[in-house]
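Asks: Need coordinates for the below:
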Amino acid sequence: MCGKPLSGRIGKKFCNQQCKNAWHNLKTKDFRMYHNRIITALNRNYSLLEKALREGVMSIDLMLLENQGFRPAYMTSYTTVRYGNDICRCFDISYCRSGTRIFKIKRDPLTTSSQEPALQRPERE
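Replies: Below you'll find the predicted structure:
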């Protein structure tokens, strides 16, 4: 990585720990940046939807939301309804989306740990 000569065992790839870390960080940099952009967009969408819920808004113009930073392509779940509008979810908030509006904004109940299946532990004899 840095061009220093390698010494030690045969097959050694890095001269020291810093070179090894720098190489691995460079290798995963693009994925981390891509991942962070998606998480940032989801968090922004969630905060805008949550703000609409707090204000009691059940329908809002998509262009208005986009001007505030909403990115309609980023969601955690998407369902196409046969005779109706698409249902999208951003974590625990669901909404219907048409070409120009977002409406029926509501918070879905979260799954609690009591509803999740319990781990089975073997009984002791």
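Asks: Which of the residues in the lengthiest helix in the chain are classified as buried?
Replies: In the chain, assigned by DSSP state H, the helix with the most residues is helix 17-54. Buried residues in helix 17-54, counted by 16 or more other Cβ atoms under 10 Å: 19, 41-42, 44-46, 48-50, 52. Quick note: C-beta positions are derived from backbone N, CA and C, even for glycine.
Asks: any idea which residue sits dead centre in the protein?
Replies: Taking Cα atoms, centre = their mean, the centroid of the chain lies closest to Ile39, which sits 4.2 Å from it.
Asks: Distance of it relative to Phe70?
Replies: In this view, Ile39 and Phe70 are 15 Å apart by Cβ to Cβ, to the nearest Å.
Asks: What of Met58?
Replies: The gap separating Met58 from Phe70 is 16 Å, by Cβ to Cβ.
Asks: higher neighbour count, those two?
Replies: Phe70 (21 against 13; other Cβ atoms under 10 Å).
Asks: Could you verify that the more buried one is part of a strand?
Replies: No - per DSSP: H, G, I helix; E, B strand; the rest coil, Phe70 lies outside any strand segment and is coil.
Asks: Enumerate every residue touching the closest residue in space to it that isn't next to it in sequence.
Replies: Closest residue to Phe70 apart from its sequence neighbours, by Cβ to Cβ, 6 or more residues apart in numbering: Leu48 at 5.1 Å. For Leu48, the residues meeting the contact criterion (Cβ atoms under 8 Å, 6 or more residues apart in numbering) are 65, 68-70.
Asks: Select from those residues the one having the most neighbours.
Replies: Most neighbours among the contacts of Leu48, by other Cβ under 10 Å: Phe70, with 21 neighbours.
Asks: who's in contact with that one?
Replies: Residues near Phe70 by Cβ under 8 Å, 6+ apart: 44-45, 48, 62.
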